[in-house]
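In: how would this look folded up:
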Amino acid sequence: MDAGISSAWDVATRYHEFKAKPSLQKISEHLREISTQAILEKARALVGSVVHPTRSASAPIEEIPALAQGVDLDIDETIEANPHLRDPSSSGLDQLWMEYRLRRSQPVVLSVDTSLSMTGEKLALTAVALAVVALQFPEDPVGIVAFENRATVLKHPEEKVSPEVLVGRFLDVPAQGYTHLEEGIRQALRMVRELEDSGRGRAAATVVLTDGKYTAGRDPAYLAPRFGQLHVLKMGKEKSSAPLCRELAHRGHGSLREVGELDALPNVMYGVVKDLLRGRA
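Out: Residues are numbered from 1 along each chain as shown. Predicted coordinates for the structure are as follows:
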């Protein structure tokens, strides 16, 4: 199919192929823009409403966080802080306490295979999956690592980027010939350690998206026990790579989800991240 008569989704699925053609170098930015919009269109068609998890708290009215939800008077704490209120003759009030809810933070690190074994429609649908996450959880601490010959950090957990920028970054990761799964998992572990050292929020959960094959580096299973939660999304129906995926999830105290049909990937990825952010995984 010639690029001139390709649909927008066709361009997205063949982006790296078209980008590599010398005759199309001058329009590579336009190809990326077309691909990005096609990916986001598919992602927006999949998203629905999300009920974000919250935690309850109580504090003096002047200390209520700006993002607090459902703020209401905490009568018990107010009386506790103002013992003289028990005296009907007293009209004094030293401190007014309020109940409120805050969105619960659950850092999630995604490590995604972008090697040659994941090119074409696999890569485009992976981009849709990431776009769904970006659209639905724009304020949540989601970090993203892409790996092929080497691992690249596409987004730090606390970084705020638009879905368009994230998809563009993902598309521009070069699809190289080797799959360094060990380095992809190692870079995810570095990000998890950075989050732990920051001392903010709950322990990070990690999701690795891979077909279970690696052609560079060592067997990465030895890294799995170092994670608090390591979940694996296995792409494709090939059985020979299933044992490694099962071992990674088992030793990483996580779960394995097999994605046999490519079209199911965005929904599966979205479901996993939603469950993690809602504390259900």
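
In: got the domain boundaries for this structure?
Out: 54-103, 105-277 (automatic domain parsing).

In: most neighbours per residue, which of those domains?
Out: Among those, ranked by average contacts under mean count of other C-beta atoms under 10 Å, first place goes to domain 105-277 (a mean of 20). Bear in mind the C-beta positions are built from the backbone N, C-alpha and C, glycine included.

In: need the helices for the stretch 151-281 of the chain, in chain order.
Out: 163-171, 181-198, 242-251, 265-277 (DSSP state H, counting those that start in this stretch).

In: returning to that earlier point: looking at the domains of the chain, spot the one closest to A45.
Out: domain 105-277 (9.4 Å; C-beta to C-beta).

In: just to revisit the earlier point, by mean pLDDT, show me the worst of the helices of the stretch 151-281 of the chain.
Out: The stretch with the lowest average pLDDT out of the helices of the stretch 151-281 of the chain is helix 265-277, scoring a mean of 83.

In: show me what the helix or strand containing A146 packs onto, helices and strands only.
Out: Secondary structure from DSSP states H and E places A146 in strand 142-147. The helices and strands touching strand 142-147, judged by 3 or more C-beta pairs under 8 Å, 6 or more residues apart in numbering; DSSP states H and E, are strand 108-113, helix 121-136, strand 151-155, helix 163-171, helix 181-198.

In: tell me the mean pLDDT for it?
Out: 93.

In: neighbouring strands of it in the sheet, and parallel or not?
Out: strand 108-113 (parallel), strand 151-155 (antiparallel) (DSSP bridges).

In: alpha carbons of it, as CSV, please.
Out: Taking C-alpha atoms only, strand 142-147 is exported to CSV below (Å, rounded to 0.1, in the frame of the first residue of the first chain):
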residue,chain,number,x,y,z
VAL,A,142,2.4,6.8,35.9
GLY,A,143,6.0,6.3,34.7
ILE,A,144,6.7,4.8,31.3
VAL,A,145,9.8,3.0,30.0
ALA,A,146,10.2,1.7,26.4
PHE,A,147,12.9,-0.8,25.6
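
In: that one to helix 163-171, inter-axis angle?
Out: Relative orientation of strand 142-147 versus helix 163-171 (axes from the mean of the first three to the mean of the last three C-alpha atoms, to 10 degrees): 20 degrees.

In: now strand 142-147: how far from the chain's centre is it?
Out: Here the centre of strand 142-147 is set off from its chain's centre by 8 Å, with C-alpha atoms, centre = their mean, to the nearest Å.

In: which strand residues bridge the residue nearest to V272 when sequence neighbours are not counted?
Out: What sits nearest to V272 in space, not counting adjacent residues and going by C-beta to C-beta, 6 or more residues apart in numbering, is V207, at 5.8 Å. When bridges are called by DSSP bridges, V207 pairs up with L110, H231.

In: ok, V207 - contacts?
Out: V108, V109, L110, S111, H231, V232, L233, M269, V272, V273, L276 (C-beta atoms under 8 Å, 6 or more residues apart in numbering).

In: my guess is the first one contacts D140. True?
Out: Yes - look at V108 against D140 with C-beta atoms under 8 Å: they come within range, at 7.3 Å.

In: any shared contact partners between the two?
Out: Common contacts of V108 and D140, defined by C-beta under 8 Å, 6+ apart, comprise L277.

In: quick check: pLDDT value at D2.
Out: 46.

In: distance check, P163 against D74.
Out: Taking C-beta to C-beta, to the nearest Å as the measure, P163 falls 38 Å from D74.

In: before we move on, what about R246?
Out: For R246, the distance to D74 - C-beta to C-beta - is 48 Å.

In: and if you look at R103?
Out: Per C-beta to C-beta, R103 is found 19 Å from D74.

In: who's in contact with the spatially most central residue of the chain?
Out: Taking C-alpha atoms, centre = their mean, the centroid of the chain lies closest to V142, which sits 4.4 Å from it. Shown in contact with V142 (C-beta under 8 Å, 6+ apart): P107, V108, V109, L110, V133, A134, K155, P157, V273.
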